[in-house]
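Enquirer: give me the fold of what follows.
(one chain, ligands or ions: 1)
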Amino acid sequence: MFGPKSHLTARKGHLFLEDVDLIGLAEKFGTPLYATSEARLRANISAYHGAFPDADKYFAVKANGNLTVLRIAAQEGMGADVFSLGELYVARLAGVPKERILYNGNSKSEADHRMALQAGVRMSVDSREELEYLSKTARDLGREAEILFRVNPDVSPKTHPKIATGLRTSKFGIPAEQVAGTYQRAVGLAGIKPLGLHCHIGSQILDVSPFVEAMKKMMDIAGAVVAAGCEIGIIDIGGGLGIQYNPDAPAPTPADLAAGVLPVFKERCYELGIAPKLILEPGRSIVADTTVMLTRVNVVKRAHVNFAACDAGFNVLARPMLYDSYHHVLVANRAGSPAEETYTVVGPICETGDVLAKERLLPKLERGDVLAFLDAGAYGFSMASQYNGQPRPAEVLVFGGEAELTRRAEDPSALLAGQRIPARLI
Ligand code: LLP
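Expert: Next up, the predicted model:
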């Protein structure tokens, strides 16, 4: 068992996900491969239900758009935070009820508004300007748009700057001081029904205090909205709870988050005499630790450092390249062997930045070994690309002792999808 990850164990030198030998999986399905534990996914969702029994939880589809993962999330009673028509489409196909979907986004087109209205889902409105556009489109369609307002709470979440979203300078949300006025305007606007407030302060946050600060600011704004004579039915505080990627950097649990934010929420609601529904939008903390990414070592090169060059690069797992993220690495066919040498793990992509893990102390590596990148279930496959002519890998779901394919690996024909050569060039 590896730290808090009870679904990963070492048995007779091999790494197992639940009761499935990951080396057997690599052989059967090939590498690179994403393998997800169904039991862990369900347990992570249960932890949120336990910590927030009265709140709705909307899974952030951007973290993992696998239809089977979404199906399980829907079965477990989650709604969905979607950020595009594509995410709306997969969430609906997976069986997420439209009443539990929030269509987010800071740059929605008229077509996005129309489709969301026709699909009957709520939207989060990101600006005063968007409110006016949406009102017109809703009137044209003869519909009423149920909306939340995305608030910019001006909270610093102490995370990587590229994934901090609630800073005053970020592109997201309506500045706090504009919210009550905008809300009031919306109440009288044809085609619009304002239901509440929404924010999201950032991602991979390892400290509860920024969430508490955001909740206080949201409740201050709710107070201003109520003082302006409007009703608040929903407070959505987004996602962002971090996970323990690095054995040295523990993360708060959903229960810790609840212990921080719920007392503020309850007390302030009581003071204001309101009883809004609380919504959370977790992505990473639901799905990251459910999944390992398996990649085979092609070359062990002794150069100025030891390079282990694998068949997955930033095309498969972009996070280390984009955010200098740490993913813990285990050698799946040498589980339990002592760490002996330091390796920098690189991929097959034609860029120097194609580094998945820097200077890791691992058992001695050979060509053919299989590395497991842990915590790859969030923003892993969903950010994979076909760069360098690399078809995207397969995904499997592990359930007890079995593994089932949930997305087949692309073959090179996927690189041609939608392409045509103009006839005059043939
Ligand atoms: N709600 C909204 C409105 C969001 O923008 C996000 C994430 C979430 C919920 C879910 O946040 P989570 O619970 O997963 O932290 N690609 C980056 C993360 C980008 C997050 C964007 N928004 C990464 O790989 O770290």
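
Enquirer: only C-alpha atoms from now on, for both contacts and neighbour counts.
Expert: Noted.

Enquirer: tell me the phi and psi of the residue in the stretch 301-426 of the chain positioned nearest to the ligand?
Expert: Residue nearest to the ligand within the stretch 301-426 of the chain (CA to the nearest ligand atom): Tyr379, separated by 4.6 Å. Main-chain torsions, Tyr379, degrees, to the nearest 10: phi 60, psi 30.

Enquirer: which residue, other than its chain neighbours, is closest to it?
Expert: Nearest non-adjacent residue to Tyr379, counting by CA to CA, 6 or more residues apart in numbering: Ala63, 4.7 Å away.

Enquirer: and the residue of the stretch 301-426 of the chain closest to the ligand, what's its pLDDT?
Expert: At Tyr379, the model reports a pLDDT of 98.

Enquirer: show me what contacts Ala63?
Expert: 283-284, 287, 377-380, 382 (CA atoms under 8 Å, 6 or more residues apart in numbering).

Enquirer: what about Asp54, how many neighbours?
Expert: 11 (other CA atoms under 10 Å).

Enquirer: thought it was touching Leu278?
Expert: Yes - under the criterion of CA atoms under 8 Å, Asp54 makes contact with Leu278 at 7.5 Å.

Enquirer: name the element Ala255 belongs to?
Expert: For Ala255, the host element (DSSP states H and E) is helix 254-272.

Enquirer: that helix and the ligand, any residue contact?
Expert: No - Helix 254-272 lies apart from the ligand when judged by CA under 6 Å from any ligand atom; the minimum separation is 11.0 Å.

Enquirer: ok, now stretch 125-136?
Expert: No - on the criterion CA under 6 Å from any ligand atom, stretch 125-136 is out of touch with the ligand, staying 10.5 Å away.

Enquirer: quick one: average pLDDT of that stretch?
Expert: 97.

Enquirer: send me it as CSV with only the CA atoms.
Expert: The C-alpha trace of stretch 125-136 is given here as CSV (Å, rounded to 0.1, in the frame of the first residue of the first chain):
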residue,chain,number,x,y,z
VAL,A,125,-22.8,34.2,-16.3
ASP,A,126,-19.3,35.6,-16.2
SER,A,127,-19.9,39.3,-16.9
ARG,A,128,-22.5,42.1,-17.1
GLU,A,129,-22.0,42.1,-20.8
GLU,A,130,-22.8,38.4,-21.1
LEU,A,131,-26.0,39.0,-19.1
GLU,A,132,-27.3,41.3,-21.8
TYR,A,133,-26.4,39.0,-24.6
LEU,A,134,-28.0,36.0,-22.9
SER,A,135,-31.2,38.0,-22.2
LYS,A,136,-31.6,38.8,-25.9
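
Enquirer: residues of that stretch that come out buried?
Expert: Using 16 or more other CA atoms under 10 Å as the test for burial, stretch 125-136 gives 125-128, 130-132, 134-136.

Enquirer: contacts for that stretch?
Expert: Outside stretch 125-136, the residues that reach it (CA under 8 Å, 6+ apart) are 104-106, 110, 113, 145, 147-151, 172-174, 182, 186, 189-192.

Enquirer: residues of this protein that sit close to the ligand?
Expert: Counting by CA under 6 Å from any ligand atom, the chain sits next to the ligand at 60, 63, 163, 200, 203-204, 238-241, 281-285, 319, 379.

Enquirer: of those, which belong to helices?
Expert: 284-285, 319 (DSSP state H).

Enquirer: reformat those residues as TSV; add pLDDT, neighbour count and distance to Glu27.
Expert: Converted to TSV, those look like this (pLDDT from 0 to 100; neighbours: other CA atoms under 10 Å; distance: CA to CA, whole Å):
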residue	pLDDT	neighbour count	distance to Glu27
Arg284	98	27	28
Ser285	98	30	29
Arg319	98	20	26
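
Enquirer: and of these, the nearest to Leu33?
Expert: Lowest distance from Leu33 to those (CA to CA) belongs to Arg319, with 16.2 Å.

Enquirer: buried sites along the longest strand seen in the chain?
Expert: If you go by DSSP state E, the chain has its longest strand at strand 291-302. By neighbour count on 16+ other CA under 10 Å, the buried set for strand 291-302 is 291-300.

Enquirer: now stretch 217-227
Expert: Neighbour-count burial for stretch 217-227 [16+ other CA under 10 Å]: 217-219, 221-226.

Enquirer: same question for stretch 317-336.
Expert: Residues 317-321, 326-336 are the ones in stretch 317-336 that count as buried (16+ other CA under 10 Å).

Enquirer: also stretch 203-219?
Expert: Applying 16+ other CA under 10 Å to stretch 203-219 flags 203-208, 210-219 as buried.

Enquirer: count the neighbours of the residue of the stretch 1-150 of the chain found nearest the ligand for me.
Expert: Per CA to the nearest ligand atom, Ala60 is where the stretch 1-150 of the chain lies closest to the ligand, at 4.9 Å. Residues within reach of Ala60, counting by other CA under 10 Å, total 28.

Enquirer: bridging residues for it?
Expert: Asp81 (DSSP bridges).

Enquirer: I'd guessed it sits against Gly283; true?
Expert: Yes - under the criterion of CA under 8 Å, Ala60 makes contact with Gly283 at 4.5 Å.

Enquirer: overlap in contacts of those two?
Expert: Gly239.

Enquirer: in the stretch 301-426 of the chain, which spans are strands?
Expert: 306-310, 329-331, 341-346, 355-362, 370-373, 394-399, 402-407 (DSSP state E, counting those that start in this stretch).

Enquirer: can you point out the buried residues in the fifth one?
Expert: When burial is assessed from 16+ other CA under 10 Å, strand 370-373 yields the following buried residues: 370-373.

Enquirer: check those and tell me the two furthest apart.
Expert: Farthest pair in the buried residues of strand 370-373, by CA to CA: Val370 and Phe373, 9.8 Å.

Enquirer: who touches both of the two?
Expert: 294-295.

Enquirer: ok, for Val90, nearest residue in space, not its chain neighbours?
Expert: Leu67 (6.5 Å).

Enquirer: isn't that neighbour up against Arg92?
Expert: No - using CA under 8 Å, Leu67 is not in contact with Arg92; the gap is 9.8 Å.
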